[in-house]
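A.B. asks: The amino acid sequence is not available; the structure is as follows:
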């Protein structure tokens, strides 16, 4: 007579393996692999004012330069601010693909400062409140765009691990250059960030109040 | 018997499932406790500050601006033509002749001024005042003259006019200039008491042209012209670092008001380099010289000791002491 395997033993084994797996995932803090974490939509700056400075032509054509600058800076900010790795430890390494060779080493040295800075490790979640990108393009006498400046305003609300709601406002200017057909960040001459703690107003019709924060 | 076995199996499965549920719920509670408060509040209406160990510190800004790179120093000959409106900028004589050396590694620089009446050898034209080289053969001949005099290879030249200088100064919003001694000169129009002056383009030109107010005439004027360049560097840096977007406007003003062998991309990169050279690291020097006569002409004789300065500048791009 063939002896059947006890099916309940198999059931318990499966359940235990599942429990161990869930425990391992949860306790490691890597909650991104949990199936219920929604996939993030990539961030895109709202493209604002576009202007040109021409060394010769009165009305130079800049083609898709503003849109390419928009793409590079949007992808960069996605990594610097919206990737959960940037909240906890450091921006993902592919953020530095958006820099020229000359700027990359410096950008890597200033990795966290380009993004959340001293807030790294304190953020539990972060959502963009508003953004704007103005682009100014320098056109050489032959009519070729040689450089561009991206002026960024980026406002995000974040929850800290200790339960605070803070508003992060970044204003920055980025020097952009065309490297083999791709507009990359060649310099970051100006970045200023303010952080304000938000305390909700008790007034029913009101929005949020803001405590004095800290400057750049 | 089979039914009893099945019942026991069902019970064990139920127990195992319950244990699994307890494990998962327990794990979630642990995680929430780890990430802060177990009952992390959504920001509800409250005026009470939340006690928290978190200190919000400013996010320190980072800055980086690319600069010209190179193993050897860079040399630019900067000329001021005395061409009036309607005259060819490179067909008249040079009122201002300065060789700027930049050490790209140390980001130090020197402005070396040559009095316009310096008696020198002009290649192919014999001896003459150095400013005649411009009218004799354009900026290219002035470059050759300076190269022959100093032994330094000039990488680029840039030449401007009276109007060009005024336009560039005005595009920077004027310059803050220290006047060391009274300057009251009907020829240049300079009318300044000692002290700090905010000068517009016209006043800056008057300051740069005046030589009658000084005993050492052209030597002091050449020094003043170098000082004006330093003031322009300071103002440019303030303009750029306050609001980098203004770089392009400054570049346009320079491009429209100078004639230069620099390409637009090199000028752009040179401007970014200049933004990172501290004015305190720029030495403003005039070649050691004395006035004298050559025939009926009043000229300036460059002192033989200048050769040591040329050698130092050729080696390092700068002159450390003079």
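C.D. replies: Right, received. Where do you want to start? Note that the coordinates shown come from a computational prediction; the quantities given were computed from them, not determined experimentally.

A.B. asks: what's near enough to touch residue B:252?
C.D. replies: A:53-55 (CB atoms under 8 Å, 6 or more residues apart in numbering or on different chains). Bear in mind the C-beta positions are built from the backbone N, C-alpha and C, glycine included.

A.B. asks: Report how many residues lie close to residue 124.
C.D. replies: Going with chain A. Other residues within reach of residue A:124, judged by other CB atoms under 10 Å in any protein chain shown, total 17.

A.B. asks: wait, chain B
C.D. replies: Using other CB under 10 Å, residue B:124 has 11 other residues around it.

A.B. asks: try residue B:170
C.D. replies: Residue B:170, neighbours per other CB under 10 Å, totals 15.

A.B. asks: residue contacts, it?
C.D. replies: Residue B:170 makes contacts with B:200-201, as judged by CB under 8 Å, 6+ apart.

A.B. asks: and the gap between it and residue B:98?
C.D. replies: Distance, residue B:170 to residue B:98, using CB to CB, to the nearest Å: 21 Å.

A.B. asks: all strands of chain A, in order?
C.D. replies: A:47-54, A:123-139, A:145-160, A:165-179, A:182-200, A:208-210 (DSSP state E).

A.B. asks: can you list the weak-confidence ranges in the chain?
C.D. replies: Looking at chain A here, since you left the chain open. Scanning chain A for pLDDT under 70 picks out A:1-6, A:8, A:15, A:18-19, A:21-38, A:200-216.

A.B. asks: other chain: chain B
C.D. replies: Under the criterion pLDDT under 70, the flagged ranges of chain B are B:1-61, B:321-322.

A.B. asks: in it, which spans are helices?
C.D. replies: Listed in chain order, the helices of chain B (DSSP state H) span B:2-34, B:132-150, B:162-171, B:201-209, B:218-242, B:247-257, B:264-274, B:306-316.

A.B. asks: would you turn those helices into JSON lines with distance to residue A:44?
C.D. replies: Converted to JSON lines, the helices of chain B look like this (distance: least, CB to CB, whole Å):
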{"stretch": "helix B:2-34", "distance to residue A:44": "32"}
{"stretch": "helix B:132-150", "distance to residue A:44": "49"}
{"stretch": "helix B:162-171", "distance to residue A:44": "35"}
{"stretch": "helix B:201-209", "distance to residue A:44": "44"}
{"stretch": "helix B:218-242", "distance to residue A:44": "29"}
{"stretch": "helix B:247-257", "distance to residue A:44": "25"}
{"stretch": "helix B:264-274", "distance to residue A:44": "28"}
{"stretch": "helix B:306-316", "distance to residue A:44": "49"}
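
A.B. asks: can you tell which of those is closest to residue B:290?
C.D. replies: helix B:218-242 (8.6 Å; CB to CB).

A.B. asks: buried ones in that closest one?
C.D. replies: Residues of helix B:218-242 classed as buried by neighbour count (16 or more other CB atoms under 10 Å in any protein chain shown): B:218-237, B:239-240.

A.B. asks: Which entries in the residues you listed are shared with the contacts of chain A?
C.D. replies: residue B:240 (CB under 8 Å from any CB of the partner chain).

A.B. asks: and residue B:105, how many neighbours?
C.D. replies: Neighbour count for residue B:105, taken as other CB under 10 Å: 13.

A.B. asks: can you tell me which residues contact it?
C.D. replies: Going by CB under 8 Å, 6+ apart, residue B:105 touches residue B:71.

A.B. asks: let's go with 10 Å and repeat that
C.D. replies: Contacts here follow CB atoms under 10 Å, 6 or more residues apart in numbering or on different chains; on that basis residue B:105 touches B:69-73, B:316-317.
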